[in-house]
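In: Build me a structure from this.
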Amino acid sequence: MMRIAITGGIGSGKTVITNYLEYLGFTIIDADVISREMTGPGGCAIERIIEVFGPDAASIENGLYRDYIRTLIFGNSKYKRQFEEIVTKSVIKAINRILRDYERSGKDVVFVAAPLLFEYGMQDDYDAVWLVVSDESTRVKRVSERDGLAIETIIRIIDSQLNDEEKGALATDIIDNNSTVNDLKIEVDALLEKYKLGT
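Out: Residues are numbered from 1 along each chain as shown. Purely as a prediction, here's the structure:
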């Protein structure tokens, strides 16, 4: 089974690509979706988050209080590491478990959307890594419009991740997302052709 990771910083356009691949019939595992399930109401990570960060961080009924935890972890590297120990590592384990299940079921190819792929040194677990890149100003605008976050918060998140140059040195393919959605799809189609992938 071929495993292809799709990665890139916040607002780079990963979701547009995975939505397109899903439309074409490909199988997608999305780390962000798994993370939201784990930190949503009744999620498996909530009790531990409350234990470590207190009741201001989350509740069983409502899940993670994202604004609170975002302010907390991006202002303190110790808290950020603690949060990632609880959530990110659990997400990685879940992805690996799902991949094993797909492999046993005979899937030919699976795409994994993983924003922190390089930060956690997971690139060697994949046959190819597609890195989505976009200008920082474009990314900030997208995230601000999508999530309603303050520009300062978005920039702190961007600064907490590896930059595109560092990621580009580790990726097998780079997808430029500074133009239209149609141009982005054309780039994806070219990569599907390169890897001889069909549904």
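In: in the chain, which spans are strands?
Out: Applying DSSP state E to the chain gives strands spanning 2-7, 27-30, 58-59, 63-64, 109-113, 128-133, 173-176.
In: Show me which residues of the second one are buried.
Out: Along strand 27-30, these residues count as buried under the neighbour rule (16 or more other CB atoms under 10 Å): 27, 29-30. From N, CA and C alone the C-beta is placed, and that goes for glycine too.
In: I figured Arg3 was touching Arg100, is that so?
Out: No: Arg3 lies out of contact with Arg100 (CB atoms under 8 Å); the separation is 11.0 Å.
In: more crowded one of these two?
Out: Arg3 (19 against 11; other CB atoms under 10 Å).
In: In CSV: the strands of the chain, plus distance to Thr71.
Out: Formatted as CSV, those follow (distance: least, CB to CB, whole Å):
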stretch, distance to Thr71
strand 2-7, 25
strand 27-30, 25
strand 58-59, 14
strand 63-64, 13
strand 109-113, 25
strand 128-133, 27
strand 173-176, 31
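In: quick one: which of those is nearest Asp147?
Out: Among these, the nearest to Asp147 by CB to CB is strand 63-64 (14.2 Å).
In: any idea which residue sits dead centre in this protein?
Out: The centroid of the chain falls nearest to Pro115 when counting by CA atoms, centre = their mean (3.0 Å).
In: In contact with Met38, which residues are there?
Out: 44-45, 87, 90-91, 94 (CB atoms under 8 Å, 6 or more residues apart in numbering).
In: what's the distance between the residue lying farthest from the centre of the chain and Gly106?
Out: Ranked by distance from the centre of the chain (CA atoms, centre = their mean), the top residue is Pro55, with 26.4 Å. Pro55 sits 46 Å away from Gly106, going by CB to CB, to the nearest Å.
In: quick revisit: Arg139: which of the strands of the chain is closest?
Out: Smallest distance to Arg139 across the strands of the chain (CB to CB): 9.3 Å, for strand 128-133.
In: Counting by contacts, list what that closest one packs against.
Out: Counting contacts by 3 or more CB pairs under 8 Å, 6 or more residues apart in numbering; DSSP states H and E, strand 128-133 packs against strand 2-7, helix 14-23, helix 164-168, strand 173-176.
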